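1. next input, structure requested:
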Amino acid sequence: MSAATDPDEARAELEPDDVVGNALCDLLLEAPNPSVIRVLNYHGDWAEAVPQWTDFRQTLDSCQDVVARFPADDMYGNTVLVRASNEVGRYERVAVDGDTTLGHVSEASAALIESLVESRGGPELVPFDDVQSHFLNGDLP
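-> I've put the predicted structure just below:
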């Protein structure tokens with residue numbers, strides 16, 4: 001499929017159990033947003049390029065059910081999970097190694113998303129329900 005601009009058309013191309021894709025489509029049906037469209041196309045593998053970091057930021061801000069997973073950049077690094085916090089413009093991050101939470105959840109600004117996209121590329125988008133234990137086990141101190 002070429003780039004999706006219509007949420008209903010995009011939903012028809014997604015797997016029925018694609019929680020992230022369906023959440024993004026629901027968000028677009030509520031309020032069309034070019035940033036979310038670009039991220040949906042990236043998630044659906046219909047994009048020609050990785051969206052800008054600001055597109056990921058706006059999407060995370062709008063959809064609390066979605067978490068950005070930035071894989072380790074080398075075999076010694078850690079995967080970083082990022083989600084929007086309840087405070088606008090603030091994010092929660094936690095480092096993980098497989099199923100192990102490494103340390104506490106920490107707060108971050110949008111600069112973290114910018115830095116991670118620039119250094120590691122576009123994130124994998126995952127449902128919050130799949131990774132919530134990392135955020136719960138690593139509660140903010």
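2. Cys25 and Leu40 touch, don't they?
-> Yes: at 7.0 Å, Cys25 counts as touching Leu40 under the criterion of Cβ atoms under 8 Å. The C-beta positions use only the backbone N, C-alpha and C, and glycine is treated the same way.
3. which neighbours do the two have in common?
-> Common neighbours of Cys25 and Leu40 (criterion: Cβ atoms under 8 Å, 6 or more residues apart in numbering): Pro7, Ala10.
4. what's the average pLDDT for stretch 133-141?
-> Confidence over stretch 133-141 (mean pLDDT, whole number) is 67.
5. show me what the biggest strand by length in the chain is packed up against.
-> Longest strand of the chain, by residue count under DSSP state E: strand 100-109. Here strand 100-109 touches strand 90-97, helix 128-137, going by 3 or more Cβ pairs under 8 Å, 6 or more residues apart in numbering; DSSP states H and E.
6. avg pLDDT for that strand?
-> Computed over strand 100-109, the average pLDDT equals 87.
7. next secondary structure element downstream of it?
-> helix 110-120 (DSSP states H and E).
8. now for that next one, which elements pack on it?
-> By 3+ Cβ pairs under 8 Å, 6+ apart, helix 110-120 packs against helix 53-62, strand 66-70, strand 79-84, strand 90-97.
9. alright, that wraps it up for me.
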